[in-house]
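Participant: Fold the following for me, if possible:
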Amino acid sequence: MKTKLFYISTLLATTLTFGSCNNSKAETLVTNETPIEKIAEKPTSENKIQVAILLDTSGSMNGLIEQAKSRLWNIVNTLTTLKYKGKTPEIEISLYEYGNSGLSSESNYIRQISPLSTDLDLISENLFSLRTNGGEEYCGAVIQDAVTQLKWKDGNKNMKLVYIAGNEPFNQGSINYKDAVKNALNNDIYVNTIFCGNNEEGIRTFWQDGAITGNGKYFNIDSNQRVQYINTPYDDQITKCNERINTTYISYGRKGAEKKMNQATQDANAESVSKANYVERSVSKSKQVYKNDSWDLVDKISENEEALDDIAKEELPSELKDKNKAEIKVYVAQKSAEREKIQKEISVLAKKRQEYIDNEMKKQKTQDDLGNAIASSIVALGKNKGYTVEK
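Facilitator: Numbers count the residues shown, from 1 in each chain. Model (predicted):
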């Protein structure tokens with residue numbers, strides 16, 4: 001944050017005593033156990049982790065889509081554990097669907113749902129809008145589209161990943177999957193394959209070969225298996241924090257109110273899957289990669305303290321329309337300090353939550369699903385690229 005706003009925020013923050021998101025329980029679980037940690041530095045665009053997720057949306061893939069909805073925020077939280085030479089990378093995610101007969105044959109039944117984007121609420125919105133329909137699944141074609149259409153960042157310090165999931169033979173269509181995958185690798189993009197079915201069938205139908213060709217990982221999952229969650233003693237407290245953090249967002253601009261409403265909608269979408277998924281999203285919202293400077297005044301002024309000069313009065317929310325610029329800056333600084341305090345509370349609770357989950361997972365058989373496949377390979381590939389993991 002720029003100097004002036006940081007100074008105001010610091011003054012305001014010192015007037016705020018640490019309060020738990022759920023007083024009685026959080027006092028027991030947080031106070032005097034773990035010091036409040038500094039929020040991680042803002043992501044730097046000097047290095048990026050870019051992930052394209054290519055989902056088969058043919059008629060048999062309803063389970064795959066449900067797993068994707070269930071695991072989006074877990075994947076985001078895994079990505080945020082990676083650092084490159086101590087720096088937090090910027091995270092961008094893209095979505096494609098393929099194999100849906102509702103799409104045009106001219107496009108090879110492929111649709112780019114979202115380009116590489118830092119707008120995580122948009123990714124969630126698009127994911128929840130997906131519907132399956134029988135069609136032709138051309139893996140080589142969708143990989144080629146993702147590699148050639150998306151704006152991938154050059155440089156060895158960037159990590160560029162493609163994950164393709166489906167259940168039909170990998171070699172279908174007029175575009176040779178080997179050519180598409182080799183082209184990806186030539187651009188330092190690693191292709192990982194996730195076959196929705198029996199492991200041996202995935203090997204016979206070239207899904208494993210696709211991953212080997214792309215220096216990626218091959219997985220097979222049961223796409224019809226429901227994601228199994230582990231509830232923890234910290235979930236209710238993180239939920240309370242999420243309710244509070246939402247009040248720190250100040251919409252601006254032509255679509256500001258709509259975007260703020262969509263934030264609440266994506267909260268509801270996450271909760272409709274499970275309480276644990278809602279908690280995972282809440283944890284993501286406490287991290288610096290969850291940024292909304294296109295519609296939130298706190299994030300916008302954090303990036304550029306002179307941003308108010310370019311925002312017309314009519315673009316401000318009703319509570320700010322009658323305030324002068326100095327008053328608005330103080331109001332924004334107050335919300336910024338409040339948000340940072342809540343983020344720190346969630347950070348403490350999230351670490352304890354993850355430790356609880358890790359301990360429980362040791363007692364259970366490791367679950368193979370879309371999220372676990374992506375998360376485990378992200379960490380492994382990240383280490384190969386020189387990234388470190390900081391939980």
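Participant: Hmm, residue 94 and residue 116 touching each other?
Facilitator: Yes. Residue 116 lies in contact with residue 94 (Cβ atoms under 8 Å); the separation is 4.5 Å. Using the backbone N, CA and C atoms, a C-beta is placed for each residue, glycine as well.
Participant: Need the residues touching each of the two.
Facilitator: Taking Cβ atoms under 8 Å, 6 or more residues apart in numbering as the criterion, residue 116 and residue 94 both touch 50, 52, 150.
Participant: Pairing partners for the helix or strand hosting the first one, with directions?
Facilitator: What that stands for is residue 50. Element membership for residue 50 (DSSP states H and E) is strand 44-56. Strand 44-56 sits in its sheet next to strand 89-98 (parallel), strand 159-166 (parallel), going by DSSP bridges.
Participant: Relative to the whole chain's centre, how far out is the longest one?
Facilitator: In this case it means strand 89-98. Relative to its chain's centre, strand 89-98 lies at 9 Å (Cα atoms, centre = their mean, to the nearest Å).
Participant: repeat for stretch 250-269
Facilitator: On Cα atoms, centre = their mean, the centre of stretch 250-269 falls 17 Å from that of its chain.
Participant: in that stretch, what's buried?
Facilitator: If you call a residue buried by 16 or more other Cβ atoms under 10 Å, then stretch 250-269 has these buried ones: 250, 251, 252, 253, 256, 259, 260, 262, 263, 266, 267, 269.
Participant: was I right about the third one contacting residue 298?
Facilitator: This points to residue 252. No. Residue 252 lies out of contact with residue 298 (Cβ under 8 Å); the separation is 10.0 Å.
Participant: Between those two, which contacts overlap?
Facilitator: Joint contacts of residue 252 and residue 298 (Cβ under 8 Å, 6+ apart) do not exist.
Participant: circling back: and among the strands paired with strand 44-56, the most buried is which?
Facilitator: strand 159-166 (a mean of 26; mean count of other Cβ atoms under 10 Å).
Participant: quick one: residue 209 from residue 225, how far?
Facilitator: Here the criterion is Cβ to Cβ, to the nearest Å. By it, residue 209 lies 25 Å from residue 225.
Participant: higher neighbour count, the two?
Facilitator: Just comparing residue 209 and residue 225: by other Cβ atoms under 10 Å the higher neighbour count belongs to residue 209, 19 against 14.
Participant: Please name the nearest non-neighbouring residue to the more buried one.
Facilitator: Nearest in space to residue 209, with sequence neighbours left out and distances taken as Cβ to Cβ, 6 or more residues apart in numbering, is residue 170 at 7.2 Å.
Participant: quick one: contacts for the one you found?
Facilitator: 139, 140, 177, 193, 205, 206, 207, 209, 210.
Participant: What is the burial count for the first one?
Facilitator: Yep, that's residue 139 we're talking about. Neighbours of residue 139 (other Cβ under 10 Å): 29.
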